[in-house]
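> model the structure of this input:
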Amino acid sequence: MNKRTRTLATALVSALALGLSACSDGSSGDSTGDRERKNPAAANAGAVLGGTPQKGGTLTVLSNQDFTHLDPARNWVMPDMDFGTRLLYRTLVTYKAEPGAKGTELVPDLAEDLGTPSNGAKTWTFRLKPGLKYEDGTPITAQDVKYNVERSFSPDLPGGPDYAARYLAGAEGYQGPAQGKHLDSVKTPDARTIVFELRTPFAEFPFAATLPTFSPVPKAQDKGPQYDNRPFSSGPYKIETYSRGKQIVLARNTHWDPATDQVRKAYPDRIVVTMGLKGGQVDDRLIASSGADASAVPWASLRPESTPKVLTKPDVKARLLAESSSCTDMLQMHTGRAPFDNVKVRQAVQHALDREAVITAVGGPALNDASTATMPGSLFDGGKQPDTLKIPLTGDVEKAKQLLKEAGKADGFSTSIIVSTGDKAVGEAVQQSLGRAGIKVTIETVDPSAFYDTIGDTKNRTDLVYTGWCPDYPSGSTFLPFVFDGRYIKEKGNSGNHSLFRDDATMKRMDEIATMTDAAQANKAWQELDGQILAKAPVVPVATKRRTLLVGTNIAGAFGHASYGGQLDYATVGLKDPSKSAN
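Predicted coordinates:
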């Protein structure tokens, strides 16, 4: 994957984008195009609903939760990244604002191009566009981008993307800029030039540069953990008010220059996110689509119990987006804690789990496809996940009991799982199916906005967690290392590797694949490693979800973006008639 010239590195970037594009039209990780077209929930796959928006009015977002994080150093949950990078802050590089395959293609954002590699793709140079400004009219500088990259190392800002920690030369042990220490591997020779020196060749670096880590934060505005409440805008909107758990109001950033931004259209005058609503309440309001709710969109997916109300009404179903998330949901086991430090116990869970029951709990086969691998189908040849374990969808209870007996747990054992309040049905499906094999599961629930911080606390979390991972770009290098490399586990703010899997052979193989210079060879190696990891049973892959989003009747320019897990692209959404929206 590591190319030695700009031409070859750029070609790899294009090839990777096209590789994902080949399956994202089919949307589902392990679906064929024919299956996609027959799926009743996916009738609008690849479509833009409502035509072209008119400028003005207020777009309302109805939400059951607060954001996990908006600080760009901490923002690594797919919907939050979409909201932050499309509305509040710009990154060096971003994705096109188009549905389907084209949404996986990179375009320059703050930078003039996709970056210039040198030194065998171990050095990347970006030059900022002229005239870029913050919400107060002050200039955006390369030093501000460097500063945010450095802040991402701060122990008091956990939870964000850690590409910088993994790839920047000399980053080991760095703790951020608070004590006046800076990274020598990030150079800013002038106000518009930033140079990244990497410890290893990384031809995919432009994809990493789409992440919030690579957006600017001026040092004078930084307030440490409190910056989460008021990121300083380099995008088309700024925060007018933010009351945690209740409401955030965005107003136009008058210093954002659309001439410098080929992606964001910024149609609404204001964007209001109303939080703390119950999921069913959001669904019912959007189904009715009356008054101000006609100009509303949802934050979270349609609740499973609301699906029949939508799919049975053609006029309502016509407003439903249901793009594949291209993410794999998994039951992850704490491999560093007994009894899950025993591979036989973990394999027993793999066999005991009734994936069909879990899929039913999250909306059934109309909204989900069963997973048989950890990486989504888009990262496998032919766009289809292999089935290396060959466990029936409903599980194999007798095999699970046999494995428990071999592990010295013939009488079963007790454990616990944590889920967000909206996923209690998932916890119950896990509880009931594992109970068949004698594994007694206690369910703990937490508010959705606190879920990732809770499961990221490795000392105090439960043995089991149900969560997923989405590739940040179309490569196995952005999936398996982040979910299974034990060298990057954190005590607080741990992301991805929620099984706390530390396996020397796996980590050695990851390092070997990272040095491969042939992209096809590397892709095959990642695919083979996926099966090898599953055999060691740190997780049970369950489903690839669709992100089902029902929009109001006055919404225009709405589509699920392939690079943001099927979430609505806030770069282009707006209103058909702004005069009908709330003031």
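
> and the residue nearest the centre of this protein?
Nearest to the mean C-alpha position of the chain, by C-alpha atoms, centre = their mean, lies M78 at 3.0 Å.

> quick one, phi psi at that residue?
Torsion angles at M78 (phi, psi; degrees, to the nearest 10) stand at phi -50, psi -50.

> correct me, but it touches Q567?
Yes. At 6.3 Å, M78 counts as touching Q567 under the criterion of C-beta atoms under 8 Å. Where C-beta positions appear, they are placed from N, C-alpha and C, glycine not excepted.

> list the residues that contact the residue nearest to the centre of the chain.
Listed by C-beta atoms under 8 Å, 6 or more residues apart in numbering, the contact set of M78 reads S325, C327, C470, Y564, G565, Q567.

> take these and write them to CSV, including secondary structure and neighbour count.
Below are the contacts of M78 laid out as CSV (DSSP: H, G, I helix; E, B strand; the rest coil; neighbours: other C-beta atoms under 10 Å):
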residue, secondary structure, neighbour count
S325, coil, 26
C327, coil, 22
C470, coil, 19
Y564, helix, 26
G565, coil, 22
Q567, coil, 24
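
> any idea which of those residues is closest to L434?
Distances from L434 to the contacts of M78, taken as C-beta to C-beta, are shortest for C327 (23.0 Å).

> how near is the closest one to A429?
19 Å (C-beta to C-beta, to the nearest Å).

> mind showing which ranges of the chain have poor pLDDT?
For the chain, the stretches with pLDDT under 70 are 1-40, 583.

> distance between the longest strand belonging to it and the chain's centre?
Taking DSSP state E as the criterion, the chain has its longest strand at strand 539-550. Per C-alpha atoms, centre = their mean, to the nearest Å, the displacement of strand 539-550 from the mean C-alpha position of its chain is 12 Å.

> only alpha carbons, please: show that strand as CSV.
This file holds the C-alpha atoms of strand 539-550, laid out as CSV (Å, rounded to 0.1, in the frame of the first residue of the first chain):
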residue,chain,number,x,y,z
VAL,A,539,-16.0,-10.7,19.5
VAL,A,540,-19.2,-12.0,17.9
PRO,A,541,-20.1,-10.1,14.7
VAL,A,542,-23.8,-9.6,14.6
ALA,A,543,-25.2,-7.2,12.0
THR,A,544,-24.6,-4.5,9.4
LYS,A,545,-27.4,-1.9,10.0
ARG,A,546,-29.2,0.4,7.8
ARG,A,547,-29.4,4.0,9.1
THR,A,548,-33.1,4.6,8.7
LEU,A,549,-33.9,8.3,8.7
LEU,A,550,-37.4,9.6,8.1
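
> show me what it is packed against.
Packed against strand 539-550 by the contact rule (3 or more C-beta pairs under 8 Å, 6 or more residues apart in numbering; DSSP states H and E) you find helix 279-288, strand 296-298, strand 320-324, strand 328-333, helix 355-361, strand 368-370.

> how about a markdown table for the contacts of M78, with distance to R192 added?
A markdown table is the format used below for these (distance: C-beta to C-beta, whole Å):
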| residue | distance to R192 |
| --- | --- |
| S325 | 37 |
| C327 | 36 |
| C470 | 32 |
| Y564 | 28 |
| G565 | 32 |
| Q567 | 32 |
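
> now, which of these sits nearest R270?
Q567 (20.3 Å).

> ok, the closest one - contacts?
With contacts defined as C-beta under 8 Å, 6+ apart, Q567 is in contact with M78, P79, D82, R547, L549, G560, H561.

> quick one, what contacts R502?
T335, G336, G486, R487, I489.

> apologies, that question was intended for A191.
L128, P139, T141, A142, Q143.

> just the residues you listed: which are in helices?
Taking DSSP state H as the definition of helices, the contacts of A191 contribute A142, Q143.

> one step back: of all the helices and strands packed on strand 539-550, which one comes closest to V186?
Per C-beta to C-beta, nearest to V186 of these: strand 328-333, 32.4 Å.

> elements contacting that closest one?
Judged by 3+ C-beta pairs under 8 Å, 6+ apart, the packing partners of strand 328-333 are helix 343-352, strand 464-469, strand 539-550.

> redo the ones you listed as TSV? Include mean neighbour count and distance to L367.
Output for those, formatted as TSV (neighbours: other C-beta atoms under 10 Å; distance: least, C-beta to C-beta, whole Å):
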stretch	mean neighbour count	distance to L367
helix 343-352	23	23
strand 464-469	24	14
strand 539-550	26	5
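
> could you export those as CSV, including distance to E135?
Listed next are the helices and strands packed on strand 328-333 as CSV, based on distance: least, C-beta to C-beta, whole Å:
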stretch, distance to E135
helix 343-352, 49
strand 464-469, 33
strand 539-550, 29
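
> between the ones you listed, which one is closest to A164.
strand 464-469 (18.9 Å).

> okay, now the sheet partners of the longest strand of the chain, with direction.
strand 320-324 (antiparallel), strand 328-333 (antiparallel), strand 368-370 (antiparallel) (DSSP bridges).

> and P189, what is it in contact with?
V195 are the contacts of P189 under C-beta under 8 Å, 6+ apart.

> make 514 the starting number, not 1.
From this message on, residue numbering opens at 514, which makes the last subject P702.

> so how far is the host helix or strand of it from its chain's centroid?
For P702, the element it lies in under DSSP states H and E is strand 699-703. How far strand 699-703 lies from its chain's middle: 30 Å, per C-alpha atoms, centre = their mean.

> so which bits of that strand are buried?
For strand 699-703, burial by neighbour count (16 or more other C-beta atoms under 10 Å) applies to V699, K700, T701.

> could you say what helices and strands the very next helix or strand once past that strand packs with?
For strand 699-703, the succeeding helix or strand toward the C-terminus, using DSSP H and E, is strand 706-710. On a contact count with 3+ C-beta pairs under 8 Å, 6+ apart, strand 706-710 meets strand 636-640, helix 655-664, strand 699-703.

> mind exporting the C-alpha coordinates of the last one to CSV?
As requested, C-alpha coordinates have been extracted for strand 699-703 and formatted as CSV (Å, rounded to 0.1, in the frame of the first residue of the first chain):
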residue,chain,number,x,y,z
VAL,A,699,4.5,18.4,12.5
LYS,A,700,6.1,21.4,10.9
THR,A,701,4.6,24.8,9.9
PRO,A,702,7.2,26.7,7.8
ASP,A,703,4.7,29.4,7.2
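
> isn't F1072 right up against A560?
Yes. Under the criterion of C-beta under 8 Å, F1072 makes contact with A560 at 6.6 Å.

> pick out whichever of the two has more residues nearby.
Remark: of F1072 and A560, F1072 carries more neighbours, 26 against 15, as counted by other C-beta atoms under 10 Å.

> okay, the more buried one and A865: tell me how far apart.
Taking C-beta to C-beta, one finds F1072 at 39 Å from A865.

> ditto for S756
Noted for S756: a distance of 44 Å to A865, by C-beta to C-beta.

> check contacts around the nearest residue to D595 once chain neighbours are set aside.
Using C-beta to C-beta, 6 or more residues apart in numbering and skipping the chain neighbours, the partner closest in space to D595 is Y1077 (4.0 Å). Shown in contact with Y1077 (C-beta under 8 Å, 6+ apart): M591, P592, M594, D595, Y608.

> next: A874.
P817, A938, V939, E941, A942.

> next SSE after whichever helix or strand the fourth one is part of?
Counting by DSSP H and E, the secondary-structure element that holds E941 is helix 937-948. Read in the C-terminal direction, the helix or strand following helix 937-948 is strand 952-959, with elements assigned using DSSP H and E.
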